[in-house]
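# take a look and give me a structure for this.
(chains A and B)
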There are 2 protein chains.
Amino acid sequence: MSLSTRQIGFGFQNARRWASTTARAVIYTDHGEPAEVLRVRAYQLEDPAEASGNVLLQAVAAPINPSDINQIQGVYPSKPAKTLEFGTPEPAAPCGNEGLFQVLKIDPKVTDLQVGDWVIPKMPNFGTWRTHALTPSKDLIKVSNGLSVQQAATISVNPCTAYQLLTIFKKLAPGDFFIQNGGNSAVGKYAIQIGKQLGLKSISVVRDRPDFAVLEQELLELGATHVITEEQSADRAMGTIIKEWVGKGKQISLALNCISGKSATNIARKLGKDGIMATYGGMSKQPVILPTSLHIFKNITSAGFWLTANTKDDPEGKIAVIDKINEYYLSGKLKEAKFTESKFDIANGTNEQLLQAFLTGIQAKNGKQGVVFK
Amino acid sequence: MSLSTRQIGFGFQNARRWASTTARAVIYTDHGEPAEVLRVRAYQLEDPAEASGNVLLQAVAAPINPSDINQIQGVYPSKPAKTLEFGTPEPAAPCGNEGLFQVLKIDPKVTDLQVGDWVIPKMPNFGTWRTHALTPSKDLIKVSNGLSVQQAATISVNPCTAYQLLTIFKKLAPGDFFIQNGGNSAVGKYAIQIGKQLGLKSISVVRDRPDFAVLEQELLELGATHVITEEQSADRAMGTIIKEWVGKGKQISLALNCISGKSATNIARKLGKDGIMATYGGMSKQPVILPTSLHIFKNITSAGFWLTANTKDDPEGKIAVIDKINEYYLSGKLKEAKFTESKFDIANGTNEQLLQAFLTGIQAKNGKQGVVFK
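This is a model prediction of the structure:
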C-alpha cells in the first residue's frame, strides 16, 4: 500500500477499526504450572482486509492434550513463539495446539473457504485456546461440517498419530498383524480402528484391571483382534500363543509403544526379524529398554515418532491423512475418543470463566478433556 | 558322468583315491564348553576332480572370535550344519568362521584361482579350524599374498564390521563426526582408522585406566580425533565440549555401540536430530537403554548390525568391502588388530596338539587369539 493510498483510505480504516471483534485468548508470559501462569487477555481483531488472504475465526471447541500442558510448563521441545499481538506489555504465548474453528468473516478474495466452514490449524503452536483468531486461509485445513464437534476438534492429533504410526514405518499388507501397548489410550483405540480399516489385525496390550473383560469387549467391538494384559505380555509362554495367532511362516513386523520400560521390551520381543518398534509416548516415565540380542540377531529397530515434527516436515502429508480420517468419520467407520466438555459462552462469559473452563480440564484426572464454545 | 565313463574310468579313480590328503578338523557333536565337547577328527580329502569346480586348501591361520566360542556353546543364533563328512558316526559340526587358506590343488578348469593363492571363505560357518578343506572355488574370496598372515586371516570379520557400520546406516560426508564406545576393541580401532580413510572424525569412548594417556596416544596415532573416558561420556558437561568439537551448526549423526547399558545411553545422548545408534555388541551384558524423549523429540533410531546376516543377504557387498580393506592394507593405511599366535605343525603335529592349540587360544584372557599353521 503506497503512502497516498494510506492517506486516501484513512477515513475508511477508521470505519474498519470500529468493525472489530473482541477476542480473548488463554496466554502465559512465563512457564510454570498452568494455575499459576495462565491468564486470559482480551484484544481486538479487525475484520479481514481485502486481498489480505485472511480469515476471521470463532472457536467451536478445543481439546486439552498432555503436550499442551507440557508446553505451558516449559518441558516440551516445541513451543509457540511469544508475541505482542495480545496487547501485553511483555511478549506472551498462546496455549493449545489442536482445535476447531468456524469461519466468521473472510477476505472476499479467499476462494477456498466460505463463511460457516469448519477449519483446523494446519500447524502446531497455533494457540487454539482462544475465542477468535485472524489468520491466513493458507494456514487452515477445512474439515467437514458433517462431523461431530468432538470428532472435528480432535481430528488432527490422535487419529493422525495412529494413521501415521501404522503407515510410515512398515508397508503392512492386509492380514498382517501389529502389536501395541496402551491399547486403551486414545491413540491405541484409533490404531485398532484404523488398522481394521487398513485390513490389519492387532494385538493390544492393556493394564490388568478388575473389569478387564469389559475393556476387552469394548476394544474387540472397535475391531481389535486380540487384547492381552501386561502380565500376559510379560509371560514368555504368550510368545507361543501369539505365534499361533499370527500363523505359520508369518510374523509381527510393527510394534507401537506409548509406555516404554518393560512394557516396550515385552512388545519388542514379539516382533519377528527386521521388525520395528515405533515409540510415540513414554507413560511409564521409564526409558525404552531393548535386549542387545534383539538388535543384533533379529535386526529389530527402535524408532521414534513425533507428529509435531512430521507435520512441520510434511504438511501436505498431514492434510492427506486428515482427509482420510474425515472420510472414515463420515462413513461411520471410526468412533472418536470422547472428551469431557467444559462449556464457555463467548458472548456472555467472563475472562475468569474462560480461564476456569481450561483449568478445570487441565486439573481433571478422568480421561480426555476439552472446552466447547457457544 | 555316464555309467560307461564311470566303468572306463574305474582304474583312474582308484589311482585318484590313492592321491588323497589327510585332513584334520576341530569338531563337536554336542554343544557345551569347548574343553569338554571339542575333539579333532582326521579324515581323507581326495584331490579336486576335473570339472568339479573344487579347490583343495591348506590352512594358513585361523583367529578365535567370541562368536566361534558362542557357537560351540550353542548360544549363537547362526550355527554350522552338522554333517557326516568328517567320518564320525554321529553328525558333527566344524568350528571357526574366519580363517586364511592357501590353494594346494585345483580343478584345472577353475580359472579364477591358482595354486599358491590365498583365499578366505565367502560365507560364515565354513569351519575354519581345520588343516585342509575341499571346497568349490565359488565359495572363496581371493586375498592378496602381499598382506601379512594376520591381516589376511582376520580380514573378513572385524574390519568389515567397522567398514559396514560406518557406511550402511548414514551417508556421512568427509569432516563429519561419529562417536563410538569400545574404542579400544578390535572393531573400534578399525573404525577409527577406516573412518579416517573416509575423511571422518571420531570420538572414541574407552574405560578409564591408570595408563589412559598411553591408550589415548595409541588411538590418536591410529587416527582418532578425540578419546574420552566412560566417566567423561556420562558427564553432561561433556555434551557442551563435544558440541564445540563438532562445530556450530553441525551434529553427530552416527553412534556405534558394542557395550550397551549406560555406555550406549551416553553415546546416544551425543547424537543430533535424526541420528542413528548402531549396536553390534553388548559387552556389558546390559540391554540398550534409550530415554523415550530421544526417540520422540530427537528422532533417534536405535538399530542393530550383524555381519553374519549382512553377508548372507549380500555376499557381493561383503566382497567389495574385503577388496577395499585389501587396498587399505596394501597401501599401508590400516594397521591390523594383532592376535596372539598358537602354532601348529600340520606335517608333524598330533591331533592332541591341534586341539590344544585352539583350546589355549579359547582359554586365554589377554586379547585376541589365533592359530597359525605351518
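# and the stretch 201-350 of chain A, which of its residues are near chain B?
A:260, A:265, A:279-282, A:286-306, A:309 (Cβ under 8 Å from any Cβ of the partner chain). (C-beta placed from N, C-alpha, C; glycine too.)
# helices or strands up against the helix or strand hosting A:I319?
Using DSSP states H and E, A:I319 sits in helix A:315-330. With contacts taken as 3 or more Cβ pairs under 8 Å, 6 or more residues apart in numbering or on different chains; DSSP states H and E, helix A:315-330 sits against strand A:140-143, helix A:158-168, helix A:186-197, helix A:307-313.
# what average pLDDT does the following helix or strand past that helix get?
Moving toward the C-terminus from helix A:315-330, the next helix or strand (DSSP H and E) is strand A:340-344. The pLDDT scores in strand A:340-344 average 97.
# only the buried residues of strand A:340-344, if you could.
A:E341, A:S342, A:F344 (16 or more other Cβ atoms under 10 Å in any protein chain shown).
# just want the angle from the helix or strand following that strand to strand A:340-344.
Moving toward the C-terminus from strand A:340-344, the next helix or strand (DSSP H and E) is helix A:351-363. Here the directions of helix A:351-363 and strand A:340-344 differ by 170 degrees (axes from the mean of the first three to the mean of the last three Cα atoms, to 10 degrees).
# against which helices or strands is helix A:351-363 packed?
Under the contact criterion of 3+ Cβ pairs under 8 Å, 6+ apart, helix A:351-363 touches strand A:20-28, helix A:34-37, strand A:39-46, strand A:54-64, strand A:340-344, strand A:369-373.
# most neighbours per residue, which of the ones you listed?
strand A:54-64 (a mean of 25; mean count of other Cβ atoms under 10 Å in any protein chain shown).
# tell me where the stretch 1-150 of chain A has strands.
A:20-28, A:39-46, A:54-64, A:93-94, A:100-106, A:118-121, A:132-136, A:140-143 (DSSP state E, counting those that start in this stretch).
# who touches A:S342 in this structure?
Counting by Cβ atoms under 8 Å, 6 or more residues apart in numbering or on different chains, A:S342 makes contact with A:Q356, A:A357, A:F358, A:T360, A:G361, A:Q369, A:G370, A:V371, A:V372.
# okay, these in JSON lines with pLDDT next?
Below are the contacts of A:S342 laid out as JSON lines (pLDDT from 0 to 100):
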{"residue": "A:Q356", "pLDDT": "98"}
{"residue": "A:A357", "pLDDT": "98"}
{"residue": "A:F358", "pLDDT": "98"}
{"residue": "A:T360", "pLDDT": "96"}
{"residue": "A:G361", "pLDDT": "96"}
{"residue": "A:Q369", "pLDDT": "97"}
{"residue": "A:G370", "pLDDT": "98"}
{"residue": "A:V371", "pLDDT": "98"}
{"residue": "A:V372", "pLDDT": "98"}
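# so which bits of the stretch 1-150 of chain A are right by chain B?
Counting by Cβ under 8 Å from any Cβ, the stretch 1-150 of chain A sits next to chain B at A:P77.
# and the residue of the stretch 1-150 of chain A closest to chain B?
A:P77 (4.5 Å; Cβ to the nearest Cβ).
# so what's that residue closest to, chain neighbours aside?
B:F297 (4.5 Å; Cβ to Cβ, 6 or more residues apart in numbering or on different chains).
# burial of the one you found, as a residue count?
Around B:F297 there are 17 other residues, counting by other Cβ atoms under 10 Å in any protein chain shown.
# over to A:N299?
A:N299 has 20 neighbouring residues, counting by other Cβ under 10 Å.
# and the residue nearest the centre of chain A, what is it in contact with?
In chain A, the residue lying closest to the centroid (Cα atoms, centre = their mean) is A:V157, at 1.8 Å. Listed by Cβ under 8 Å, 6+ apart, the contact set of A:V157 reads A:P63, A:N65, A:N97, A:E98, A:L307.
# next: A:H295.
A:H295 neighbours (Cβ under 8 Å, 6+ apart): A:T301, A:S302, B:T279, B:V288, B:S302, B:A303, B:G304, B:F305.
# that one belongs to a helix?
Yes - secondary structure of A:H295 (DSSP: H, G, I helix; E, B strand; the rest coil): part of a helix.
# how about a markdown table for the helices and strands packed on helix A:315-330, with distance to B:A255 and mean pLDDT added?
What follows is the helices and strands packed on helix A:315-330, written out as a markdown table (distance: least, Cβ to Cβ, whole Å; pLDDT from 0 to 100):
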| stretch | distance to B:A255 | mean pLDDT |
| --- | --- | --- |
| strand A:140-143 | 38 | 96 |
| helix A:158-168 | 23 | 98 |
| helix A:186-197 | 29 | 98 |
| helix A:307-313 | 20 | 95 |
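# how about those, which one is nearest A:Y328?
Nearest to A:Y328, of all the helices and strands packed on helix A:315-330, is helix A:186-197, at 6.2 Å by Cβ to Cβ.
# how about that closest one and chain B, touching?
No - using Cβ under 8 Å from any Cβ, helix A:186-197 stays clear of chain B, coming no nearer than 12.8 Å.
# burial check on A:G182, number of neighbours?
Neighbours of A:G182 using other Cβ under 10 Å come to 24.
# contact partners for it?
Counting by Cβ under 8 Å, 6+ apart, A:G182 has contacts A:G188, A:V205, A:V206, A:L256, A:N257, A:C258, A:I259, A:G281, A:M283.
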